[in-house]
Every structure is written in C-alpha cells, then in structure tokens.
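> here's a sequence, model it:
(6 chains)
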Protein chains: 6
Amino acid sequence: MNAHISTPLKIAATALFLAAPLPAAAETTEERLKRGDAVIRSLNKGAPQPALERLRREFPFLAEATEGYALGDVWSRTALDSRTRQLAAVTAFAALGELPIMKVHAGYALNIGVSEEQLKEAIYLVTVTSGFPRALAASQALSELFAERRSQQ
Amino acid sequence: MNAHISTPLKIAATALFLAAPLPAAAETTEERLKRGDAVIRSLNKGAPQPALERLRREFPFLAEATEGYALGDVWSRTALDSRTRQLAAVTAFAALGELPIMKVHAGYALNIGVSEEQLKEAIYLVTVTSGFPRALAASQALSELFAERRSQQ
Amino acid sequence: MNAHISTPLKIAATALFLAAPLPAAAETTEERLKRGDAVIRSLNKGAPQPALERLRREFPFLAEATEGYALGDVWSRTALDSRTRQLAAVTAFAALGELPIMKVHAGYALNIGVSEEQLKEAIYLVTVTSGFPRALAASQALSELFAERRSQQ
Amino acid sequence: MNAHISTPLKIAATALFLAAPLPAAAETTEERLKRGDAVIRSLNKGAPQPALERLRREFPFLAEATEGYALGDVWSRTALDSRTRQLAAVTAFAALGELPIMKVHAGYALNIGVSEEQLKEAIYLVTVTSGFPRALAASQALSELFAERRSQQ
Amino acid sequence: MNAHISTPLKIAATALFLAAPLPAAAETTEERLKRGDAVIRSLNKGAPQPALERLRREFPFLAEATEGYALGDVWSRTALDSRTRQLAAVTAFAALGELPIMKVHAGYALNIGVSEEQLKEAIYLVTVTSGFPRALAASQALSELFAERRSQQ
Amino acid sequence: MNAHISTPLKIAATALFLAAPLPAAAETTEERLKRGDAVIRSLNKGAPQPALERLRREFPFLAEATEGYALGDVWSRTALDSRTRQLAAVTAFAALGELPIMKVHAGYALNIGVSEEQLKEAIYLVTVTSGFPRALAASQALSELFAERRSQQ
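Model (predicted):
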C-alpha cells in the first residue's frame, strides 16, 4: 500500500507497533487494556472511543473484552500493517452487513491515511463476496461518513 | 505491505494493471472476459482456473459473469494493490464462512507473495468480526491449503 | 409460467389445491398432517420423503412441525402456484447457502415441471442477492442433482 | 437456574405448563391458538402482545402461525423451563442480529424473573458465537430495554 | 401465474424481453447499460430509479455494476418471466433480511401485476426458510410499502 | 433446571466456579489460560480438547485466544450456571448453522448433565429463530453425536 499519511501519525503508529509484544504469559490484564487503549488512540487521532467509554458503565465485561481482547490482543498485532488491517476489517464488516461498526472502522482508516477511493474499492469487492444489497447499504453508510467528515472541516 | 514477490510475477501484475482501464462504455464483453482471464492468470501462476472451465459447460452465464464481472470488472481495478485486495477478500470470505472460495483466494494470495503469517492474521481478525466458530473453521481450511502446498513442492 | 407438466401430476396437484382450505379453527392436527403428507406426495412423484420418515424416530416434534406446519400450513397454500413457490424457495435456499434443502426442493421443482434452465436462472439471481460464493456453491449442488437424475433414467 | 420470581407469575407459569400436552392428533387449531395466547400472557404479565394484534389485520396467516405454531406448539413445550428457554432464545436472537425480537423476548425474560445480569451474560456469550459487532449491537438494544423499564416504574 | 397486468406495460415488457439477447461477446458496455436502464423502466412505470441516479455521483463503479451487470446482464434474462423473477427475488431478499432492497423490488412486483396477496405469500414462505424474526420484519416493510402506495393514489 | 449430574463432576464444577474471579487487572495471561484449561476439563470429563491442542502448533494466537478469552474470560463467568450456558450456546450455534462447534458444545452439555431431550428442545426453538433448514441440519448433527455416544458405551 502506498497511501500517504502524515508524519506524526506515522511515527505514533510505528512507536506503538514496535512496542507491541505478542501477548506473553506473564503479561497482566492491565497491560493488555493499556495496549488496547493505545490502539484506539492510534486510530482515533489520539482520543479514546466515546462509545467504549459509555459501554463501561452498563456492560463492563463487554467493554473490557473489546479493549483487552479485540483491541489489545488482536488489533495490536503487527503481521499486517494497520492500513491493510483497516481495509480488511472494513471489507469484512461491509460483507457481513455490520454497518455501524464498519463506519467506525472506515473513519479510523481515513484517520491513518487510507483514501476515500480505497474504501470505495472495499465496497466494490462486496458486490462479489456478498451481493448487491450489502454493497449498496455499505455505500450509503460510507457516504454518510464522508459527509460528516466534510461538515467537520 | 512489504511482502517480497518474485520479479516475473511482479512484472506480469504491473503490466496487467497498467493496461487495465476503467470499464469504458465502448468496451466489448469480449474485452472484459479477456481482462478477467488475465486477472486469473496473474493470480494463478499463469494458468486458468480449472473450476471456472468446468462451470462453462453447465452454467455458461455464471462462468461468464464470474470472468467478465467479478474478475474482469471488479478484480482488475487498481485503487487497491492486489495483495491488499486478496487479504481483504480472504478476510471477508472467512468472516462469511465461505470456505471453498476462501481457500482458492488464499492460494492466489500466496502465489502473489502474501505470506502464510499474513493469512493467519486475517483469520485472527475474524474472531472479532464474526466470532470463534468461523475463525476456527477458516483456520482448518487454511491449514489444508498450507499442507497441500507443502506436499506439492 | 408456461412449463409443461405431465397430465396425471397436474390433476393430482389441482385436486390437492382445490381441496386445501385455509387452516380453520376447527381443523385438527391430524388433518394438518394429512395435508402436509399430500403436499409432499404431490411434489415427490406420489412417494413420502424418506428423510422425514427417518426424522420421526429421533426428533418427533421436528418431523411433525415439518409436516404439519411447513408443509401442511405453509406449502399447501394456494395464492402462489406450486411451480412459482418452488422457484422462489429454491432461490431463497440458495441465497441463504442452505444447500441440502435447496437440492431437495430443486428436485421437487423438476418433478412438477420446472425446467433445468429455470432452476439455473434462480442461481444466476443469487449472484445479485448474495454474491458469487453462494451462487457458485449452489450451482455445484444443482449440478449434482442433474447428474443424479440422469443416472436414474 | 436460581432466579427469584414472584409467586403469582410462578403459579401462572406452572399451571400453564402442567396443562400443556404435546400437540395431539385430535387437537384443533383453535386449541393451539388458545395455548399460544396463554404462553404470551404468561410471558407478558397477563396481557396479549400488541404487535401480534396489529399483525392479524394485514398478515392473518403470519399472525396465526406465530400464535399457533411458534408460541402454541414450540414455546409451550415443557422439557426446558421457561427462564432457560428465554435465555437460550435471547442468546440466539442476539447471535443472529435479530434485535427487535431479541428486545421483546428479553423483556419477557425479565417479566418471568430472569435478572438483568443474566441477560448481559447472554450478550457476552455472543462475542464468542458471532463476534463483537453483534454483541455490541445487542448490548445497545438491551440497554434501551433496561432504560424503558426504569422509566415505567 | 395468472396475475392481470395492464396492457401497455405488458407490451413494454414483451418488447424488452424479445429484444434482450444473451450477452454476446461483441456487445459493448454501453449496450449493457442501456439494457439495464430499460429493465428498470419496465419495472418502474417507465421512470429511472432515483437511488441509482444518486449513486452515480459518489460510487460510479457501483452504479454502473448495478445497471450493467445486475440489471443489464442478470435481470434482463428471459428464462423466468418477470413476475416469477420478482417473486423469487422478494422471497430471497426477505429471507436474507435485506429489507430496503426487498421493498424496492416488491414495489416493482406490484408495478408489473403481482398482487399484494402473492407478496404476502412470499413472506409466509420465509417463516420456513429463515424463521419468524425475518418474516415478521419483512411483513412490516411490506406493510409500509402498501401504505405508501395507498397514500399516493 | 433440574438435570441430574454425577457428583464428582458437580464438585469439580463447583470448585472451578467458586475459584473463578472476575478478570482482574492484575491477573496474568498465564492465569487466564489456566482458567480456560480448567473450564475445558470441567466440560470434557477432565480431559483437554484435542482440537485445541492441534491448533496450538499452526495457529498459536487462535489457540491462545480460544483458551484465554473464549474459555478463560467468557465461559468461566458465573452469572449463568454451566448447564444453562451450554443450552444457550447450543441454541445459538444451531441458529447460526455452526454445526461442528455445536456438536462439541452439545457433547459438553451431555457431560455435565443436560439431557438429550433438552438438547432436542434447543433444536426445536431453532425452527422459530432461524427456520427449518437450520433446525433440520442441527438435528442431523445432534443425531450423529447421540450415535457416537452410544457406540462408545
């Protein structure tokens, strides 16, 4: 992938992923949660995820599982670079029809330098993997995301 | 992505994708089919897909749609490089539980220089996108593919 | 639909559907089961479904639900003619990736005069509704059915 | 399961389930519908389901199938106690992403003495069976239900 | 199928389908797009699809794939008559839970002479193919469509 | 739930669940893995899961995620008793069509005292949640499990 990303984000991402060890037996859950928090911040312009913060109050185990397992254990791994991972995840979420989370991860992808054109390609693949209704629904969610970004600038 | 691929395949792929225009209004279906055939060959070590050839006899429209649309129109596009596309497609097929086609596309991915480690990462993502049964089933299909490749060497 | 069906089957089907009342409040479950059995026989060349007979021994409620509800209540309804119903059901089963039952219902469709070409069309629709992996898998199941039919002649 | 339920509901449920025979051949559809109505009332604090009542006008067969088959035949069975059934059903609806009906059945579960904590556990299982997007979406639907209940008190 | 359709539409449809050749190798993409446009107009009372027109601006490839492949190549085929195709497609979309597109295609079905009763039957089949939550959700979408049609008269 | 389970297993299960704390921040991954191993053994007659052992060699992260997260974090939780959890999981796996893992968890359910009748009920629920094809396929997988158990005695 040749997308251009801003240098500070590139450095942050590099630092994060160089620092990310494979989950070791001696690692504590606190360390896993911290790594999950660092992953979110590397994808979300340094900020935590508001939805995750709300989740903590009512579904504490789900919030911890998302932060410790999904983000801290899986999303922190380094065999895929983070733009490839975001594109693969966006394709999978769109293919499954999981649109709210697709929109969140497409936003993360934009934050780390994936282009709008590349996200559209992921949707075009979905016509092949899952048919036209899912691709059309995903295009609408992506369109909303693009509009929100433009209105924030 | 930094995977190393053999030079002849790299040249073939480059030639293909430089030559691949956006579907133009004046383009004939014959040209789309030819482009689909070139995509397959660029992913399949220069050979056609045997399953596609069998399909032609009994389901000619489906064979033509696969070659002309899925491969010729979608898979020939150039906004994603072909290794990123294969990784995104493998992730989506695994997330959907579409294992026979996942195995075919994981094999294509290996052919163009994606590593076994990167394919395993795609499966690890699936625990998050679709849960553990789909990830476990996909790991088994991938394991069969790796074993077949080793027995062919 | 203009498919040609043999006269005896046509009469059997007509008799069945003329006789099929909407489920009435006074109707007994025995009557519903009988109607389900008549539906199966009208689709299966006068014979019962062997898989349903096996089911009775170990999963009696599921066998009764299939016969009384799925066949006796739903499949006996008359607002869709039975060839349209079989084509719609085959399309839905293929779209969902439910292939063993798709094969059974595609066989019933052939029995009542739906052509192989029409069944192939249902599979072609599936590329649009659900993507290429499901359509390709369904084409293989249909191909097996066609081969079994030819070997029985 | 050790959940505490109020005595009147417990008696109602016991009476219902002691009275529920396996669907017998001589049973009429009217009797099946009546049993379905009793199941709904046992889960819905003695009241009928408003959505089912609306359905009767425009989709009479679907209303009757829901009441006669889904509730009268399946949900009235006694090999699972009704709290275990509601928890299994809520888990399955959440795992499938069928959220409006999950919310209805989670409300029934609360009505018969399943605790909020137990419903949250069902959602936590869904991270394993179906991945994080479905679990997160289900947690949001459950959160809405809990809020509605609190605002009604 | 015996549904009554207005004569002008019948003529338009006949003209379209007589004119629709199998995709030939020499055919241009422009011709495929034109045929897709004719399919839409034959289903949509002579008008283009507004959603498709909006799609062109932001997702041009997806708009072209929908028009050229889904409509021009698949939906223009003639082995199924168009009312049977619409009923099969509505059943499949409902079975998959793809409701916005189900509503669009149910509207097309009404436009070419499928009755409300026949569309309801498709939903009743879905209780068997995919269970009650999907059938109930589809009945609600269909109910909205019927209400919109009545309010437009 | 009133199922009868053998006393030694009951003690093992009780010991396990009394010992199972909520994942604490200071807990190490080694402790989580140990707890996952104890969960498997409590469900599998004291033995480890052979499939999990095979997975370790080729997909070490997936094996660790299954043991540390799915079993150690989720399956060790105590707000649902383990028979209710197994019934809910079997229902969800059957509803999703994830049959190999359904069979494994149905076997665990039998090991801890869930009856064959209760497992059949879970399958009957699936006709409502997901339709008849999934229920029929799950009944076949369950039938195989029951036969395997009988042949081992």
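> from the chain's centroid, how far away is the longest helix along chain A?
Longest helix in chain A, counting residues (DSSP state H): helix A:132-152. Relative to its chain's centre, helix A:132-152 lies at 16 Å (Cα atoms, centre = their mean, to the nearest Å).
> same check on stretch A:122-130?
19 Å.
> give me the residues contacting that stretch.
A:87, A:90-91, A:94-97, A:134-135, A:138-139, A:142, B:69-70, B:74-75, B:77, B:80, B:85, B:88-89, B:92-93, B:96, B:98, C:130-133, E:59, E:61-62, E:65 (Cβ atoms under 8 Å, 6 or more residues apart in numbering or on different chains). Heads up, the C-betas are built off the backbone N, CA and C, glycines and all.
> sorry, back to before: show me what the longest helix of chain A is packed up against.
Where contact means 3 or more Cβ pairs under 8 Å, 6 or more residues apart in numbering or on different chains; DSSP states H and E, helix A:132-152 is packed against helix A:82-96, helix A:99-111, helix A:116-130, helix C:116-130, helix E:50-58, helix E:60-64, helix E:99-111.
> just name the most buried of those helices.
Greatest average neighbour count among the helices and strands packed on helix A:132-152 goes to helix A:82-96 (a mean of 28), per mean count of other Cβ atoms under 10 Å in any protein chain shown.
> what mean pLDDT does that one have?
What helix A:82-96 shows for mean pLDDT is 98.
> close to chain F: what parts of chain A are there?
Contact residues (Cβ under 8 Å from any Cβ of the partner chain) of chain A with chain F: A:22-30, A:32-33, A:61, A:64-65, A:68-69, A:73-74, A:77.
> of those, buried ones?
Buried residues within these, counting neighbours by 16 or more other Cβ atoms under 10 Å in any protein chain shown: A:23, A:27-29, A:32-33, A:61, A:64-65, A:68-69, A:73-74, A:77.
> ok, stretch A:48-64 near chain D or not?
Yes: Stretch A:48-64 reaches chain D (Cβ under 8 Å from any Cβ) through A:Ala51, A:Leu55, A:Glu58, A:Phe59, A:Phe61, A:Leu62.
> report the two of the residues you listed separated the most.
A:Ala51 and A:Phe61 (15.8 Å; Cβ to Cβ).
> what's the local residue count around the residue in chain A positioned nearest to chain E?
Scanning chain A for the residue nearest chain E gives A:Pro133, at 3.8 Å (criterion: Cβ to the nearest Cβ). As a burial measure, A:Pro133 scores 26 neighbours (other Cβ atoms under 10 Å in any protein chain shown).
> which strand or helix spans the residue of chain A most remote from its centre?
What lies farthest from the middle of chain A is A:Ala26; by Cα atoms, centre = their mean that is 27.1 Å. Using DSSP states H and E, A:Ala26 falls within no helix or strand.
> residues in contact with the nearest residue to it once chain neighbours are set aside?
Among residues not flanking A:Ala26 along the chain, F:Thr28 sits closest, at 5.6 Å (Cβ to Cβ, 6 or more residues apart in numbering or on different chains). By Cβ under 8 Å, 6+ apart, F:Thr28 lies in contact with A:Ala25, A:Ala26, A:Glu27, A:Thr28, A:Thr29.
> list phi and psi for the closest residue to the last one other than its chain neighbours.
Nearest residue to A:Thr29 in three dimensions, chain neighbours excluded: F:Glu27, at 5.0 Å (Cβ to Cβ, 6+ apart). Reported as degrees, to the nearest 10, the phi and psi values for F:Glu27 are phi -70, psi 140.
> pretty sure F:Glu27 is touching A:Glu27, no?
No: assessed by Cβ atoms under 8 Å, F:Glu27 is found out of contact with A:Glu27, at 9.8 Å.
> in chain A, where is pLDDT below threshold?
Where chain A drops to pLDDT under 70, the residues are A:1-23.
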